[in-house]
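Asks: Okay, sequence plus prediction incoming.
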Amino acid sequence: MNELVHPYHRFIRPTVTHTTFCPGCGDGTVAQSILRAIDGLGMDMDDFVFVSGIGCAAWIPSPLFNADVLHTTHGRPIAFAFGIKMGLPDKKVMVVSGDGDLVAIGGNHLIQNARRNIEMVVLCVNNGIYGMTGGQAAPTTPMGVKTTTTPYGAFENFFEDISGLVIAAGASFVARWTTAHPRQLTASIKKAIQKKGFAFIEVISQCPVQFGRKMGMGNAIQMLEDYKKRSISIKEAKKLSPEELKDRMVVGEFVDLDKPEMVEEVTRMIRRASGEAQEAVDTGRG
Amino acid sequence: MGRTEILIGGVGGQGVVLSGILLGTAASLYDGKQAVQTQSYSSELRGGSARAAVIISEERVTDPEVRRPDILILMAEDAVGRYLHKIKPRGLLAIDADLVKGVSEGDYEILSIPATSIADKEMNNIIVANLIILGALIKKTKLLSVESMEKAIETSVPKKAITLNLNAFRRGLEIIS
Amino acid sequence: MGEKRVRTGRYFMMGNVACAEGALAAGCEFAAGYPITPATEIANHLAEKLPQVGGAFFQMEDEISSIAAVIGASWAGKKAMTVTSGPGISLMLENIGFAIGVETPCVIVNVQRGAPTTGMPTIGIQGDMVQAKHGSHGDYEIIALCPSSPQEMFDHTVIAFNYAEKYRTPVFLLSDAFVGHMREEVVIPEAEKIETVCRNIPEPGTDPLKMKGFLDEDVAPMPIFGKGFKAHVTSSCHDEYGKRNLIDISALDKFVRRLSNKILKHKEEITLVERDYEDAEIVLVSYGGVSRAAAAAASQARKRGIPVGTLRLITVWPFPGEEIEKMARRAKQVIVLENNLGQVYPYIKAEAAHFAEVSFLPPRLVGEIQDPEDILRKIEEVSK
Amino acid sequence: MATLRIYDELCKGAEECGICLYVCKEEVFQPSETLNQKGYRPPVVVNEDQCTQCENCMIFCPDLAIVVSEKKRKKGSK
């Protein structure tokens, strides 16, 4: 009867007995999308090093994925990943974390490494809230939303377009999906993994506990329904005016371009410098 | 000879620190002595105050701080107020006479060298005024051998500037008869 | 390779440059930092030299990312370091705690400068001594070395890398602007005469489920990335296997104690001091550049017939209390000298006060190491 | 061979989560009568015949608790 085996359980750390997410959380859907992309590319967990920060989404690879995983301090996973990638240029380095981690406290590392265009995949699970600490406002929390730190409604302008920020900073691959688009998300993750450059994927994801239940946005299903209703492909969005796009979520692959990548540039520089040094020694002898 | 403390005060860009490096290098690497060179400078790399200190000794230098300089080199008016009071009684005060005017007589010997004008007129480059002072100083004090100083210059300044610096140093030697 | 890394010879070299040369000789492959006076010469020199031996220096967006990248590179298997000064250390502290928690070998050079806050950048003071030990949150032990000359900037940087690799821990080099910018003769030996240590890593093919990669007081082999060890590295409280445990207090107790004991158990091997207090009744205790003024004063005092000795701490952390006690048992008077208002003094006093009279002589001007004349006056005062 | 398998012990409940029920257009699932060890009510397969093996339930499940027959999946995978 039970001869069926889940194809991605082999990617899960054997000591893990269950996911660490609340019921209905989008993080688990994102986790599976990553694993499906890796499987789909015929790759192995040993081809990867995963890096995460602090927050619910950081627990997607840590401890779930049976791979080398560095679970770092709040906001800094991209900076840690920088060192890992420079040390292991042949491995795929993937950062998985949340909007608070990557965009609020860690915003500058996101910007600077997109600018460097260092090859890594950064997956930003954007749930618009601080889930783990109990539902505080994030830079992605829409104005007016009541959170535990904005009991009278959020009064700050918010990031409506993290992807736009990363595009402006210079990343070579940028996409946005929601957890209502796991198939499209997987396809983009596959591309991101293969990209020679900084690949950023924003996934708008439901937090049914903090954002949903407490703030009256409904349960996981209502939130998924809302994503489906409000999302619009970049192609369709181009036909609409900013007015018509209000409250919509533009999804799709926004940027996919080739430009100089940092690890390659560093390798070239080292080759030049060590060669020149050899030359200098030779000249000295002559 | 035991321990000689040298303090050089000037402004950034005059080669104050280079002067210290040259004295220390000559002493330590080519003259069989021990030397310590220290420095400090203000935030502007050009035109701010600069200070270099050198201790030259026959033995290992323990205390590395120049407290009462036996030799004080002042290359800017600004440095007079800051450092003149530190000079050891009967010490030697070397000044760039073109730039330092406000030095009164005191319990020290004054070695006054128009280094900047010589550098300007004869070398076409005021940047080597410090080397002229060093030349005069070495000739006068015999603190270090001329050969050691010349070797230090050859190994410490950029290749393109070696000749200019050597010429300035040698011109300084000539000032003292 | 070794020859290219080691610039054997005799130089009149700046302390900061000697530090960079020491890093190269020790096998440093990765360095990251952010420009700051008075540490920049180290970064500049590494930026020039590391690529020549296959490594690189990276200028990061800030000091937080610098130490993060260093830790990442270390987990990628590289010998790694960062160089900065007090303001930079203040920013790095959270991640330094991370490095301690997940047992990451790395070297952190702090060329201390006039502080607090932005202070006076080119003036050396010993103002961050306790920050190295207690700056990051929680109980921890760390290793810190205090060089007093350009030669030691070279030697101690090599030792710092060796300690970092051997004990899987961040190691501080607590220099200052005075020593960092000091030039003096530096002798770099031949490559084969420089001892270098590399971390233990697990046997290839070790079953990840059976691999104890953490919390061993005798230093667990480091399950570095990229070797198929499937290491789960989390700074959250974890067990020997790296498995997170956020619920059992006994797990936390083990986590805290074992990390500390890993250093304390090897304190004797780690502790480096310079003793010169045979038959001395008065002992001057100091470290770093100040110890040179202490040595000058002690020698002058002995010439005057006063039995004065010196004890110089090269390893300041873990605090060599046993050495202080040993010294204090033989001395009558202990005078502590630091180029600050008394940072390590309370630690020294706590160990020594039971056996000897202990006093502190601050510098006349913070930022200028004590004048041997002042030290002599203090010696005469306490010897009465 | 069964078309579907539900890992009851991984599931966080048809009521608390319920994504599988929502994404299945064919109403293959319904909440179980019994609770799992964690106190959640996993889905049970009531209309296996209706299953088109679209894999929505598997792909969306945040807890990797549902698997759909491999034969079909291999064919359909992109």
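Replies: Now that the structure is in, tell me what you want to look at. Numbers count the residues shown, from 1 in each chain, chains lettered A, B, ... in the order given.

Asks: tell me the centre residue of chain A?
Replies: In chain A, the C-alpha nearest the mean C-alpha coordinate belongs to residue A:123, at 1.0 Å (C-alpha atoms, centre = their mean).

Asks: Could I get the contacting residues of that one?
Replies: A:30, A:34, A:94, A:95, A:96, A:97, A:189, A:192, A:201, A:203 (C-beta atoms under 8 Å, 6 or more residues apart in numbering or on different chains). C-beta here means a position set from N, CA and C on the backbone, and glycine is covered the same way.

Asks: any chance of the residues you listed in TSV, with secondary structure too?
Replies: Formatted as TSV, those follow (DSSP: H, G, I helix; E, B strand; the rest coil):
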residue	secondary structure
A:30	helix
A:34	helix
A:94	strand
A:95	strand
A:96	strand
A:97	strand
A:189	helix
A:192	helix
A:201	strand
A:203	strand
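
Asks: closest to residue A:223 among those?
Replies: Distance to residue A:223 across the contacts of residue A:123 (C-beta to C-beta) is lowest for residue A:203, with 13.1 Å.

Asks: and the residue nearest to the centre of chain A, helix, strand or coil?
Replies: Going by three-state DSSP: residue A:123 is strand.

Asks: Tell me which helix or strand residue 187 sits in.
Replies: Went with chain A since none was named. Per DSSP states H and E, residue A:187 falls inside helix A:182-194.

Asks: could you do chain C instead?
Replies: Residue C:187 belongs to strand C:183-188, assigned by DSSP H and E.

Asks: Okay, buried residues for the helix holding residue A:187 please.
Replies: A:182, A:184, A:185, A:186, A:187, A:188, A:189, A:190, A:191, A:192, A:193 (16 or more other C-beta atoms under 10 Å in any protein chain shown).

Asks: if we can go back for a sec, just confirm yes or no for the strand holding residue C:187 near chain B.
Replies: Yes: using C-beta under 8 Å from any C-beta of the partner chain, strand C:183-188 reaches chain B at C:183, C:184, C:185.

Asks: Using a markdown table, lay out those together with pLDDT and neighbour count.
Replies: Formatted as a markdown table, these follow (pLDDT from 0 to 100; neighbours: other C-beta atoms under 10 Å in any protein chain shown):
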| residue | pLDDT | neighbour count |
| --- | --- | --- |
| C:183 | 98 | 27 |
| C:184 | 98 | 27 |
| C:185 | 98 | 22 |
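
Asks: Which of those residues sits closest to chain A?
Replies: Using C-beta to the nearest C-beta, residue C:185 comes nearest to chain A of the residues of strand C:183-188 next to chain B, at 23.2 Å.

Asks: mind listing the helices for the chain?
Replies: No chain was given, so I picked chain A. Shown for chain A, the helices assigned by DSSP state H span residues A:26-40, A:77-87, A:99, A:107-116, A:162-169, A:182-194, A:220-230, A:234-237, A:262-285.

Asks: my bad, the chain I had in mind was chain D
Replies: Under DSSP H, chain D gives helices at D:19-23, D:56-60, D:70-76.

Asks: what's the spacing between whatever residue of chain D ends up closest to chain B and chain A?
Replies: As assessed by C-beta to the nearest C-beta, chain B sits closest to residue D:62 within chain D, at 55.7 Å. Distance from residue D:62 to chain A, counting by C-beta to the nearest C-beta, to the nearest Å: 2 Å.

Asks: Test my guess that that residue contacts residue A:20.
Replies: No: Residue D:62 lies out of contact with residue A:20 (C-beta atoms under 8 Å); the separation is 11.0 Å.

Asks: So which of these two has more stuff around it?
Replies: Shown here are residue D:62 and residue A:20; by other C-beta atoms under 10 Å in any protein chain shown, residue D:62 has more neighbours (28 against 15).

Asks: To residue C:346, which of the helices of chain A lies closest?
Replies: That would be, of the helices of chain A and by C-beta to C-beta, helix A:77-87, which comes in at 35.5 Å.

Asks: I'd like to check the angle between the closest one and helix A:107-116, please.
Replies: For helix A:77-87 against helix A:107-116, the angle by axes from the mean of the first three to the mean of the last three C-alpha atoms, to 10 degrees is 40 degrees.

Asks: Next, count neighbours for the residue of the stretch 51-200 of chain A at minimum distance from chain B.
Replies: Relative to chain B, the nearest point of the stretch 51-200 of chain A is residue A:108 (25.2 Å; C-beta to the nearest C-beta). A count of neighbours around residue A:108, defined by other C-beta under 10 Å, yields 15.

Asks: Please name the nearest non-neighbouring residue to it.
Replies: Counting by C-beta to C-beta, 6 or more residues apart in numbering or on different chains, residue C:61 is the residue found nearest to residue A:108 once chain neighbours are left out, at 5.5 Å.

Asks: Quick check: residues of chain D near chain A?
Replies: Residues of chain D lying near chain A (C-beta under 8 Å from any C-beta): D:1-2, D:4-5, D:7, D:9-10, D:12-13, D:16-19, D:22, D:38, D:40, D:59-64, D:66-70, D:73, D:77-78.

Asks: Please list only the buried members of the residues you listed.
Replies: D:4-5, D:7, D:10, D:12-13, D:16-19, D:22, D:40, D:59-64, D:66-69.

Asks: got the residues of the stretch 51-200 of chain C near chain D?
Replies: So the stretch 51-200 of chain C never meets chain D (C-beta under 8 Å from any C-beta).

Asks: Any idea which residue of chain B lies closest to chain A?
Replies: Counting by C-beta to the nearest C-beta, chain B gets nearest chain A through residue B:159, at 13.1 Å.

Asks: how many other residues sit next to that residue?
Replies: 7.

Asks: Could you check the pLDDT of it?
Replies: Looking at residue B:159, its pLDDT reads 96.

Asks: same deal with residue D:70?
Replies: On the pLDDT scale, residue D:70 gets 69.

Asks: Indicate the residue of the stretch 251-384 of chain C located nearest to chain D.
Replies: residue C:251 (22.3 Å).

Asks: can you pull the contacts of that residue?
Replies: Taking C-beta under 8 Å, 6+ apart as the test, what residue C:251 contacts is C:237, C:238, C:239, C:245.

Asks: May I ask which two of those are separated the most?
Replies: C:237 and C:239 (8.5 Å).

Asks: okay, the two: which has more neighbours?
Replies: residue C:237 (19 against 16).

Asks: sec struct for the residue nearest to residue A:108, please.
Replies: Criterion first, three-state DSSP; result for residue C:61: coil.

Asks: Phi, psi for it please.
Replies: Per-residue torsions, residue C:61: phi -80, psi -20 (degrees, to the nearest 10).

Asks: With residue C:300 instead?
Replies: phi -70, psi -40.

Asks: so it makes contact with residue C:379?
Replies: No: at 9.0 Å, residue C:300 and residue C:379 do not qualify as touching, with contact defined as C-beta under 8 Å.

Asks: Who has more neighbours out of these two?
Replies: Using other C-beta under 10 Å, the more surrounded residue of residue C:300 and residue C:379 is residue C:379, with 22 against 18.

Asks: tell me the contacts of residue 15?
Replies: Since no chain was named, I'll use chain A. Neighbour list for residue A:15: A:63, C:209, C:241, C:243 [criterion: C-beta under 8 Å, 6+ apart].

Asks: not quite, I wanted chain D
Replies: So residue D:15 contacts D:31, D:40, D:41 (C-beta under 8 Å, 6+ apart).

Asks: Narrow those to those in strands?
Replies: residue D:31 (DSSP state E).

Asks: picking up where we left off before, restricted to helices, list the contacts of residue C:251.
Replies: Per DSSP H, these never map to helices.

Asks: hmm, the helix or strand that the strand holding residue C:187 is followed by in reach of chain A?
Replies: For strand C:183-188, the following helix or strand on the C-terminal side (DSSP H and E) is strand C:232-234. Yes: counting by C-beta under 8 Å from any C-beta, chain A has neighbours in strand C:232-234: C:232, C:233, C:234.

Asks: Now the residue in chain A positioned nearest to chain D: closest residue in space, sequence neighbours ignored.
Replies: Closest residue of chain A to chain D, C-beta to the nearest C-beta: residue A:28 (2.5 Å). Excluding the flanking residues, the one nearest residue A:28 by C-beta to C-beta, 6+ apart is residue D:62, at 2.5 Å.

Asks: Alright, calling it a day.
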